[in-house]
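[1] Give me a model of this one.
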Amino acid sequence: MRRRTRAAIAGAAALAWGEWLNRRWSRTLVGRGAGAVEAVVVLGFRNPQATANVINRWRVRAGIRSATGGGAGNPRVIFSGGATGGGATEAAVMADYATSVLGFRGTVVLEDRSRTTWENITHVIPLLEDADRIKIASQPAHALKARAYLRRQRPDLAERLVRADDYRPGEWTAVKPLLALYGLWTLRGLTAEERKPAL
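    Numbering: from 1, shown residues only. So this is what the prediction gives:
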């Protein structure tokens with residue numbers, strides 16, 4: 001019985017840790033933002049098939065709810081990601097899912113050349129110049145990495161970053177400890193300043 005109790009406590013602690021760390025990442029390198037023009041960047045994930053895989057479906061949903069949650073009259077969503085094989089680009093696959101399955105009717109923009117997160121940011125920068133508020137939607141650790149890259153490439157645009165709706169308590173709870181472990185590994189190149197959450 002004690003072994004079961006210890007296992008239950010350890011499991012609950014791991015889930016709580018995963019929730020806490022993902023929540024913290026979603027609130028790092030963001031401000032409050034001001035202005036009416038909002039752009040949401042949705043980062044793609046490797047998608048060799050013709051339809052959106054489970055990761056890209058989740059990212060699109062997070063991006064759409066981020067766009068509709070900001071009060072913008074005509075939300076603009078930028079889907080970013082190139083082709084991972086000989087088929088459609090990640091951007092096109094995500095945009096198709098957003099419009100045909102989720103029924104998104106806002107402005108859709110495709111950035112379909114990127115192969116890395118750094119390239120995602122490099123190629124979307126020209127699409128963000130007029131935005132007052134910029135949101136980046138992905139898993140929280142990946143979105144934080146992209147925000148850090150925007151800060152490195154264009155600090156002036158990074159000042160316009162606001163939080164996307166890519167973290168919700170209880171969403172993906174069972175896998176958040178794994179996402180947290182993977183996130184710690186992927187974020188190892190960020191500086192201490194880039195890891196500091198917003199107050």
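
[2] Tally up the residues packed near Asp130, please.
    Residues contacting Asp130 under the criterion other Cβ atoms under 10 Å number 9. In short, each C-beta sits where N, CA and C put it, glycine included.

[3] what do you get for Leu15?
    Applying other Cβ under 10 Å, I find that Leu15 has 16 neighbouring residues.

[4] Kindly report the same for Val41.
    29.

[5] what's near enough to touch it?
    The contact partners of Val41, taken as Cβ atoms under 8 Å, 6 or more residues apart in numbering, are Gly63, Val77, Ile78, Ser80, Asn120, Val124, Leu128, Ile134, Lys135, Ile136, Ala137, Ala146.

[6] Return the closest of the residues you listed with respect to Leu15.
    Ala137 (23.1 Å; Cβ to Cβ).

[7] The closest one and Arg163 touch, don't they?
    No - under the criterion of Cβ atoms under 8 Å, Ala137 makes no contact with Arg163, lying 10.1 Å away.

[8] Between those two, tell me which one has more neighbours.
    Legend: neighbour count by other Cβ under 10 Å for Ala137 and Arg163, higher for Ala137 (28 against 24).

[9] Now the residue nearest to the more buried one when sequence neighbours are not counted: which helix or strand?
    Spatial nearest neighbour of Ala137, chain neighbours left out: Gly63 (3.9 Å); criterion: Cβ to Cβ, 6 or more residues apart in numbering. In the assignment (DSSP states H and E), Gly63 maps to helix 54-68.
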